[in-house]
Each structure stands twice: as structure tokens, then as C-alpha cells.
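In: predicted model and sequence follow; I will ask about them next.
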Amino acid sequence: SSSFEGALMVRVMAEENIAERTRFRLMLKRRKAERLKAEAAERAAMERAVTAKQRERFEVASARRAAELAARREEYKREMDRMTA
């Protein structure tokens, strides 16, 4: 009986882990889609930007987003390390 309960508990924990990883991957997919959409909009706006001041504003925003993306990738790495540990 106790070995059955132990096996059942292990299975439940494994299923919860799979569910958590699935949610995590879906969140990443959604984030990536949002980022690609924003980057496309930014490229279109940059092509329309005429003055140097407008271009500079887009470049500053782009650099900030790149830094945020690097931070999110670091967070992703830590989360994957936690889930696979």
C-alpha cells in the first residue's frame, strides 16, 4: 500500500511539474509573439521617422527593450535551472 501511495505521489508531482513547465513555455511563447509584434511596429515607425530627434527617441527605447529582454532571458535561465534541478 505504501509503495503504491509513494508511486502515486511521485506521478502527481511529475504531472504538476509538466503542467508548470507547459504554463511557463506558453507564457514564453506569448511574450515572444508580443515582442516580435512590438519590434515590427518599431521598425515601421523608425522607417517613418524623419528627424534625428525622432530616430534618437526610437533608438533609446530600443536599447531599453534590449536590456529588458536580456534580463528576462537571465530570469528564464534561472527558472529553467530551478525546474530541472
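Out: Thanks, I have the structure now.
In: what about residue 76, which SS state?
Out: helix (DSSP: H, G, I helix; E, B strand; the rest coil).
In: so residue 18 is in which element?
Out: helix 2-48 (DSSP states H and E).
In: for that helix, packing partners?
Out: Here helix 2-48 touches helix 52-84, going by 3 or more C-beta pairs under 8 Å, 6 or more residues apart in numbering; DSSP states H and E. Yep, even glycine has a C-beta here, placed from its N, CA and C like the rest.
In: for the helix it packs on, packing partners?
Out: helix 2-48.
In: so how far is the helix holding residue 18 off the chain centroid?
Out: 8 Å (C-alpha atoms, centre = their mean, to the nearest Å).
In: just for this structure, where's the confidence low?
Out: Scanning the chain for pLDDT under 70 picks out 1.
In: any idea how far residue 45 is from the most centrally placed residue in it?
Out: With distances taken as C-alpha atoms, centre = their mean, the residue of the chain nearest its centroid is residue 28 (3.7 Å). Using C-beta to C-beta, to the nearest Å, residue 28 is found at 26 Å from residue 45.
In: please apply the same query to residue 61.
Out: In terms of C-beta to C-beta, residue 61 sits 10 Å off from residue 45.
In: do residue 22 as well
Out: 35 Å.
In: just residue 68 next, same as before
Out: Distance, residue 68 to residue 45, by C-beta to C-beta: 18 Å.
In: skipping adjacent residues, who's closest to residue 28 in space?
Out: Distance criterion C-beta to C-beta, 6 or more residues apart in numbering; nearest residue to residue 28, sequence neighbours excluded, is residue 76 at 6.8 Å.
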